[in-house]
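Asks: Compute the structure for the input listed below.
(chains A and B)
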Amino acid sequence: MSFQFTILIPLIPLISFLIIGFLYSKMSNKLAGIWGSVSIFSSFLLSLFTAYRYFFEVGRVNGVYPKILGFDFEWLRFSDSLSAHLGTLIDPISVMMLVVVTTVSLMVHIYSIGYMKGDRGFNRFFAFLSLFSFSMLGLVLSTNIFEIYIFWELVGVSSYLLIGFYYEKNSAVAASKKAFIVTRFADLFFLIGILILSFYTKTFDFISLTDPSNIAVMQTGSITFMGLSVTTWALLLIFIGGAGKSAMFPLHIWLPDAMEGPSPVSALIHAATMVVAGVFLVARLFPIYALGSDQALQVIGYVGAFTSLFAAVIAMTQMDFKRVLAFSTISQIGYMMVGLGVSGYGNEAGLGYMASMFHLFTHAMFKALLFLCAGSVIHVVHTNFINEMGGLRKHMKITHITFLIATLAIAGFPGFSGFFSKDEIITAAYHNNKIIFYTELLVAGITAFYMFRLYFRVFWNQEASYEHKPHEVEKTMTIPLIILAFLSIAVGYIPFGNFISSDSMPLESHINWGVASASIIVSFTGIIIAWVLYKKPSNLPERIVSSIKVLYTWAYHKFYIDEVYLFVTKKIIFNLISRPIAWFDRHVVDGAMNGIAWTTSWVSESIKGLQSGQLQKYALAFVSSTIILSALLIYILLNV
Amino acid sequence: MLLQYLSLMRQEVSLIFIAVLVLICELTVNQRYKKVVIPITLVLFGVHTILGFVPFDGGKLFGGMFATSHAQALMKSVLNVGVFIILLQSVAWLKKEVNFQKSNEFLILLFSTLTGMYFMISSGDFLMFYIGLEIASIPMAMLAAFDTFRSKSSEAGIKFLLNSALSSGILLFGISLFYAISGTIYFDDLPLYFSPVSPLFALGFIFFISGLAFKMSLVPFHLWTADVYEGSPTIVTSYFSVISKGAAAFITSILLFKVFFNQLYLWKDIIYLLSVLTMTVGNLFALRQTNIKRFLAFSSISQAGFILLGLVNVDSLGVTAIIYFILIYILSNLSAFGVVMAIANVTGKEEIKDYNGLYKTNPLLSLTMMLAMFSLAGIPPTAGFFSKFFLFTDAAKGGYYWLVFIAVLNTIISLYYYLLVVKAMFISPNEQPIERFRSDIYTRTALLITVVGIFAVGIYSPIFEYIRNIIDKF
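Replies: Numbering: from 1, shown residues only, chains lettered A, B, ... in the order given. Next comes the predicted model:
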């Protein structure tokens, strides 16, 4: 069954980008918005069709879902054995990602028509959204590492453009630069990892890379470096690239600042799709990680666990609505990494992998919803700070209910999607690593607490004095909220193990009630504490804060990680490395270049006299040159 | 028998046919209908160019005096492409009142020199070669002196004629030395008599090569170029620097390949030296030019030095690279000359500083000029990058790393002055830039062809493969 048409899924947004981009000033805002949305809607329908055809019409072959090259085109040929291809790879996770990306992107497009109304950069915004959708869809469909790297950078660029969307604001410009530099820095390691991996495996291709028999070959042939095998090094370097995009500690510093972009952008790029690219990358190469290198997988598990705890603690103290959500995103991606880190390959051991993908799927829905709700609230009250909000439930009924649903989902309330997926991750951790298990359990409680803190503070509590009376937002904005709220509940009931598992065999998942009840109790505790502290105005939170003043200050300042970076770059790298290099460049390199240029023009000036215009001199030069050359050739002849 | 003559000499025959047709028109056609001669000639020459690409078997005529093959037909076709573009570009200039009376004369002279080049390329012995050379040279002197009322132009014609006579004399002397060694003038027989190599051969070789080097304006045989290029009408300058040079390069590569191949070990150092001198000195002169015509002329000297890179190890890749380079060089240089002529025709301005701020008023012309400069400098993705790349590859394959290094250094120097022109057009401010104007349809077609060529010939790789296939069979 042919999947050739899948190439259209990324191409439609690309065409949309080009059209909106070229007709930038000629298109009316309404047309650009509708055009962008219709394009992504077509991609969305095609993605659903792909999913249906792949999972139900093609189905399992020999018990597993096949990996299908939907479209393949040889782009560059380096040598007979090595060439770079562009194409689409259809397998369970790419199909799942197609559905996630197009769904969220479609919702965000529709929402943005209302949210961005009247903005000067309306068309630019939709052009960039289309560019991002193209890049992200290309990324998930990539057939080889080379292609994924191209799209990896493209999503980075789109993210840069959208974070810096309000480029009149200094903070937005700084944030976009920060995001770009940090992720680019991580991508450097990614590139080195790719080079090592392809050097040893002689292929870029995902299908042959992840073939278990190839991995064995790679293992036997590989050498060790500093106690770790080369495979492990390559995989760790690739993970650093993924960690940069997915904002894992200590490369997380760009994500909170990225909230300078418009809220729909945060929902699409910095919550649901681009930031999970790192998770997707590890999942894409998962067989190599699982079969090739235990150490790399352990690193992923611990980094994920630490990040989830670290970000959750910070999230408890933040006052900026979107920053709380940003840290919560970091924490939740930590969960996904944990899922991969504690997973094995095949059968029951692959529970973590399945759970991680499941969580990615559910998280995309409820986190996008949370950001869109945040966007609505900020749109109405014109402030980002939660202590300037309160009592909004009476004014914004739909936003209130949908936000509550999303909050319940992320807090792991039984019956909501987050409960199912998070629970699977914790169960997988329970079977694999007890330290990680207890950490994640604690994080589940903290998550419930800070999310309900947000919820009670914004929608209950004392009503703040607003300049304009708050009101519900318009229909184009509420409809996506309602759809996403529905999805935030419903997607939890998908029998996910049937579709996605580490070895594509069906994986029956049962709820482990022991683990589940522990996590339910922890979440409820978190919710209740938040209820007590924030439902009504009280001075209890301040009293608690003052009793743990030092800890609170540290967490509020995000443990001063940003300051550490600044110190390292400004004080150490700039002074000790950059300045000497700059001096060398300015004085030695430039000096040499200027010297050459000066000599050249001096010679040029001095031979000008030869060009006298006198015919006799020309003839003289001609004849004497002939004679000299003849002498030279005879000399060569006699000395050969 | 006649059919064989016609099929082997078809390009020569059809070109002479066009030339004679123009001559007849000049003599018989009423003054009122004179203006249709140019379009008809253009159409005929266009057909002639396209038919040149039709593959035909090679063969020999006149007892071996005339020898042709698919490769030689291809070389002529490459020249045809250039001449066709030049014809398109010349229309606006020919239609000026001062030139219109002589327009047919111009066409006839142009076709005569091209016929001479055809015969040189297809020559099978030195006699035919020499006749071709003279047929090509003498009308060229007349072309240089075409602006009879301008003393500079007449000076250019006289200087070219005298210099050309000198170089022909030395070249003939070289041929007579070869005859003294071997007793034959046929290319096929000559190599048999050359080994063992005698000093007489060395002398003959240098005399002979200096004649060709004069045509290609290689340093140190280049001194005539500055005066002749500057004095001639711009269209003739572009013909000199593109077609004449290209033809000379083709003939040099054929002869080195056919006749002197076994003495490669001997003359490769001479070619090496000439290449380095030409690239470097040409660049040094070009650096200082303020007149755009002189600037292009000197930069074309430097370009000829690059052509020699393909000759240091004579193999099929080298010859392929040379043909490919010349095709792209024709397109890029004619693109630049086309812009210069379009501007000179309307405004008469020829200094680089006149181009300041051109982008504001004539963006399309500026972009075309920029592309031409990028292609001449060898910046990807323009075709000029690929053509230099293959020449460098060939030289590096032969182990001439230092030569490639010097060539790369020269490319960097050339980048400087090519970018000066771009800077003038795009960056330098100007109170009174050249005003906005619209060229005629012929000029615009010519520029369109060159611009498309600058992109397509480089990126569309089958063109290189096509040339290579033909040369491999040569």
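
Asks: Tell me who's in contact with residue 253.
Replies: Answering for chain A, as no chain was given. Contact analysis of residue A:253 by CB atoms under 8 Å, 6 or more residues apart in numbering or on different chains lists A:178, A:182, A:558, A:561-562, A:565. Backbone N, C-alpha and C define where each C-beta goes, glycine included.

Asks: Actually, chain B is the one I wanted.
Replies: Contacts of residue B:253 were listed using CB under 8 Å, 6+ apart, and they are B:310-311, B:314, B:318-319, B:322.

Asks: Local confidence estimate at residue B:465?
Replies: Listed pLDDT for residue B:465 reads 81.

Asks: And it, how close does it get to chain A?
Replies: 14 Å (CB to the nearest CB, to the nearest Å).

Asks: which strands and helices sit next to the helix or strand harbouring residue A:158?
Replies: Counting by DSSP states H and E, the element that carries residue A:158 is helix A:145-163. Applying 3 or more CB pairs under 8 Å, 6 or more residues apart in numbering or on different chains; DSSP states H and E, we find helix A:145-163 packed against strand A:83-90, helix A:122-141, helix A:170-201, helix A:230-245, helix A:277-284.

Asks: could you say what helices and strands the last one packs with?
Replies: In this structure, helix A:277-284 makes packing contacts with helix A:92-115, helix A:122-141, helix A:145-163, helix A:230-245, helix A:321-341, helix A:351-381, judged by 3+ CB pairs under 8 Å, 6+ apart.

Asks: so which of those helices gets nearest residue B:366?
Replies: For the helices and strands packed on helix A:277-284, the distance to residue B:366 is smallest for helix A:122-141, at 27.6 Å, taking CB to CB.

Asks: now the closest one, how far from the centre of its chain.
Replies: 13 Å (CA atoms, centre = their mean, to the nearest Å).

Asks: That one packs against which elements?
Replies: Here helix A:122-141 touches helix A:8-22, helix A:29-52, strand A:83-90, helix A:92-115, helix A:145-163, helix A:277-284, going by 3+ CB pairs under 8 Å, 6+ apart.

Asks: can I get the ones you listed in a markdown table with mean neighbour count, mean pLDDT and distance to residue A:240?
Replies: Output for the helices and strands packed on helix A:122-141, formatted as a markdown table (neighbours: other CB atoms under 10 Å in any protein chain shown; pLDDT from 0 to 100; distance: least, CB to CB, whole Å):
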| stretch | mean neighbour count | mean pLDDT | distance to residue A:240 |
| --- | --- | --- | --- |
| helix A:8-22 | 19 | 89 | 26 |
| helix A:29-52 | 20 | 91 | 30 |
| strand A:83-90 | 20 | 84 | 23 |
| helix A:92-115 | 25 | 90 | 21 |
| helix A:145-163 | 22 | 89 | 13 |
| helix A:277-284 | 26 | 90 | 9 |
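
Asks: out of these, which comes closest to residue A:382?
Replies: helix A:92-115 (13.4 Å).

Asks: That closest one to helix A:29-52, inter-axis angle?
Replies: Helix A:92-115 and helix A:29-52 meet at an angle of 160 degrees, taking axes from the mean of the first three to the mean of the last three CA atoms, to 10 degrees as the criterion.
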